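> prediction below, plus the sequence it came from.
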Amino acid sequence: MKLIPDRYYHEPGAVLKDVNLEDPDLIISSRCTEIYGASDTDYAFYYSRETLRSFSFETNPQLTNIRSYSFFQCTKLIRVDLSLCTKLQTIDYQSFYGCTSVQDLLLPEGLQTIASMAFAFINISSLNIPSTVTSIEQNAFGDIKTLSSITFTEGSKLQALYNNLFIRASFLEFTIPESVNYINGAFCNSVVTMRKIKVHKNNQYFVDDDCAVYTKDYLKIVAYAANSSTSYIIDPRVQTIANGVFIHATFTSITLPQSLTSIGPYAFFSTENLKEIALPPDITEIPIGCFGSSGLTRIEIPNKVNSIGNDAFLDCKDMITIILPENISNIGGDAFPSNANITFHENASVELDDQKLIISKNKTYISLCLNPDVKTITIPSTVKTIKQRAFISKFQLASILCDGISELEVIEDQAFNLCMNLTSIPSFPKLKQIGEYAFSKTKINSAISFSPYLEKIGQYCFYLAQSISRITFSSTTTALYFNDFCFSGCTSLSSIDLHDCTCNIYFRKNVFSDCSSLSMFNVNDKIKSFGSGCFMNCSLNVLTFENSIASFDTLPSLFLKDCRNIEEIIIPTNIAIIGNECFSGTSISYISIPDSVTKLSIQCFSNCLNLERVDISSSSRLEEIGFGLFAGCTSLSYISDFRSSKFVCVNSTIYDVGFSQVYIHAPGCKDRYISFDSRLVTVSEGAFINSRYIELVVFVENSVRIIGRRSFESCIRLEHISIPSSVVSIGSDAFIHCDSLRCGVLFQNKTQPFIELLVSSGLPKSSLRPCSQFSCANQYFNNFPISFSPFTYFILT
């Protein structure tokens, strides 16, 4: 077990972040109050996610918060023991998401909140929830197929059981805790093993009959054990079936009471054995997903029903007949299977038109296209909404037309998703919103000019629409949002025009990633933010900031990563933070860091193979430097001298302001020797990696204590180094690939453990033999003309 060094803890408090240790078993300091996490590319263990096996705490830990993504996809982590962390209050969103090797989870008393998807996709078999937990958000323990036992400590204060809380678990029984006052029936979604559900004897809100849970007045049924019976009769007093109650139930028949007036969303979703059902007369709505993926073959909708929600009968593959009532006025997107025989009442507000479109009679919305072989669709100009999945997977659809000037305002999620031959769409001059995946994987091959009313483009909206060449925006709304991946993979996209936008513009994550034809982009003052990876792996060769100013202070993680055609970038003069791997893999040869920059994050210029010179303002306000800042920048030969409140740079080498720690040396710097005075304590990880010109390194006696891992890796000309007895730690691979170190390693500590430490650092045993011409106390440098300075000098005796 290795204690995580102090350098990974940051103020305020002691926030653990940017851990980059190859040791698989780590100890977290007792003074740590928070484990950092901000996104799936910026969290505490991002750079240890492939090595971390276990972590523990020093005695009396002060930890209060585990932030979002803190241990995201640490796939080798096998155990999470937080039992000592009695001050821990919150485990945030996706904190341990995708830690697929975790088999043991211990939570502490004192914990209050477990956020959404915090432990999704781990592999525990049992779980105990502490009594102090008051809130567990949806999907918190989702997709743990091995989870067969769940208990709650007596006196549980948990208030609610939310949607998909234990989705796809495998427990046989479940007891509703004593303080729970709200239940979403889908909290045990897809738990097809559950045979019994009970209510704690002290619960004042619910009762059970072993198969189902009701409110105490029996007016609502709120949960059902999916595998409890082959048939079920709902209590005759029930008026409401709550959300998702019978989701994935295995019964073959169910009897609904005549008193029933309301059925919740997804109530009978995926009841595959249910072939028929009689709906009571007073129901007024069939909500979203209500009977989706069920085994129903025929359904007659009662006369009082006026609305059928999205996906209400989606994927009912055995459905033959659907009879709709007179009062129906709204049908949601993809509400019916396309193979069903649907009967519309002549007085209904919805009809099936000549194009086999389910459309409102007033021609204001389209719900579904029932023609699987459609090639061309003409949308009435009066249509304002195309509902979700209305045309999904219409593989032969090639062209969309409009019979006039379109009034279309909303295209919902997946409306034309997977229409892989769709090449032509009309202008929609009043379009406001485009949903997720709306045109994903289409072949739209023309330029698109978007409406001045456009407010939102959903996630993955045009994802892999590889033939779009140009997009133009002219929004005059309050704001325009480009959501995650909305144009990602548009490989023919060469032009983005935002000049006529008068609104604020917000780009989320990976909006234009993998747009391999995009060569130019101008950032104007209307752009208020960029998400991580926004232009990652594009072909940009020019990115400019209007007037060298940005309307934001952070260049995000992965912003221009692997944009290999970019040779020059001017950082705006008001930028404070440059995110992780922001410019990694670009072809810049020079960069100037303005004095506004306070943080250079992990590997933000890594693998810039052409980078030769870095100028940092002499009045720099730099406060934080991430590891691997210039990793792989083998041509970097010059970093300008500067001094900030935290750092100083001398001779292309960056130290802390007290010269106790060296962080970075320009790997292409042609200085052949380097030495340190007695103030030096720590050589940071990778500080001299790939410094191919260095031949001699001298540490004076009673100075350095820690030589970080990979600190001198691939210093191929390094022939001599002195290691004083003050050294107590040498990281792995500190001297790996130092091929010229044949006999030049002098070390004062001759103990066997220290020799083994040297060998583990990458030094061959042959390099440890004495060299008569070089020692820590008696040094001769016939071939090295040495100049003295206050910062780097030799002590000669």
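That came in fine, so what should we check first?
> okay, CA-based contacts and neighbour counts for the rest of this
Noted.
> which strand residues bridge the nearest residue to residue 448 once chain neighbours are set aside?
Computed as C-alpha to C-alpha, 6 or more residues apart in numbering, the closest residue to residue 448 that is not its neighbour in sequence is residue 471, at 4.9 Å. Beta bridges link residue 471 to residue 448, residue 496 when assigned by DSSP bridges.
> what about residue 471, distance to residue 446?
Residue 471 is 9 Å from residue 446, where distance means C-alpha to C-alpha, to the nearest Å.
> next: residue 592.
Counting by C-alpha to C-alpha - residue 592 and residue 446 are separated by 39 Å.
> for residue 652, grab the count of nearby residues.
Residues lying near residue 652 (other C-alpha atoms under 10 Å) number 23.
> which regions of the chain sit below the pLDDT cut-off?
770-797 (pLDDT under 70).
> and the helices in it?
Applying DSSP state H to the chain gives helices spanning 752-760.
> number of nearby residues for the residue nearest to residue 448?
So residue 471, with other C-alpha under 10 Å, has 16 neighbours.
> near the closest residue to residue 139 other than its chain neighbours, how many other residues are there?
Leaving out its chain neighbours, the residue that sits closest to residue 139 by C-alpha to C-alpha, 6+ apart is residue 165, at 4.3 Å. Using other C-alpha under 10 Å, residue 165 is surrounded by 24 other residues.
> and if you look at residue 233?
When neighbours are counted by other C-alpha under 10 Å, residue 233 registers 10.
> now residue 751
Using other C-alpha under 10 Å: residue 751 sits among 9 other residues.
> for residue 115, same thing?
So residue 115, with other C-alpha under 10 Å, has 22 neighbours.
> any figure for the gap between it and residue 156?
From residue 115 across to residue 156, the span is 17 Å (C-alpha to C-alpha).
> go on, residue 46?
As judged by C-alpha to C-alpha, residue 46 and residue 156 stand 34 Å apart.
> quick one, which of the two is more surrounded?
Between residue 46 and residue 156, counting by other C-alpha under 10 Å, residue 46 is the more crowded of the two (22 against 17).
> how about the contacts made by the more buried one?
Counting by C-alpha atoms under 8 Å, 6 or more residues apart in numbering, residue 46 makes contact with 18, 19, 20, 70, 71, 72.
> now swap in residue 582 and tell me
Neighbours of residue 582 in contact, by C-alpha under 8 Å, 6+ apart: 555, 556, 557, 558, 559, 560, 561, 603, 604, 605.
> and the strands in the stretch 601-750 of the chain, which stretches?
For the stretch 601-750 of the chain, the strands defined by DSSP state E, counting those that start in this stretch cover 613-616, 624-625, 638-639, 642-643, 647-650, 653-656, 661-665, 673-676, 682-683, 696-699, 706-707, 720-723, 729-730, 745-747.
> to residue 169, which of the ones you listed lies closest?
strand 624-625 (43.3 Å; C-alpha to C-alpha).
> that closest one pairs with which strands?
Strand 624-625 has its sheet partners listed here by DSSP bridges as strand 599-600 (parallel).
> still on that earlier bit, out of the contacts of residue 582, which is nearest to residue 728?
Lowest distance from residue 728 to the contacts of residue 582 (C-alpha to C-alpha) belongs to residue 603, with 27.2 Å.
> number of nearby residues for the nearest residue to the closest one once chain neighbours are set aside?
Nearest non-adjacent residue to residue 603, counting by C-alpha to C-alpha, 6+ apart: residue 629, 4.1 Å away. Using other C-alpha under 10 Å, residue 629 has 23 other residues around it.
> relative to residue 605, how far out is residue 629?
Distance, residue 629 to residue 605, using C-alpha to C-alpha: 6 Å.
> just the buried ones from the contacts of residue 46?
Buried subset of the contacts of residue 46 (neighbour count, 16 or more other C-alpha atoms under 10 Å): 18, 19, 20, 70, 71, 72.
> most widely separated two among these?
Maximum pairwise distance in the buried ones among the contacts of residue 46, criterion C-alpha to C-alpha, is 14.5 Å, between 20 and 72.
> residues contacting the residue lying closest to residue 108 once chain neighbours are set aside?
Using C-alpha to C-alpha, 6+ apart and skipping residues adjacent in sequence, the residue nearest residue 108 is residue 83, 4.2 Å away. Counting by C-alpha under 8 Å, 6+ apart, residue 83 makes contact with 106, 107, 108, 109.
> so of those residues, which ones are in strands?
residue 106 (DSSP state E).
> between the contacts of residue 83, which is nearest residue 753?
Closest to residue 753, out of all of the contacts of residue 83 and judged by C-alpha to C-alpha, is residue 106, at 36.3 Å.
> sounds good, over and out.
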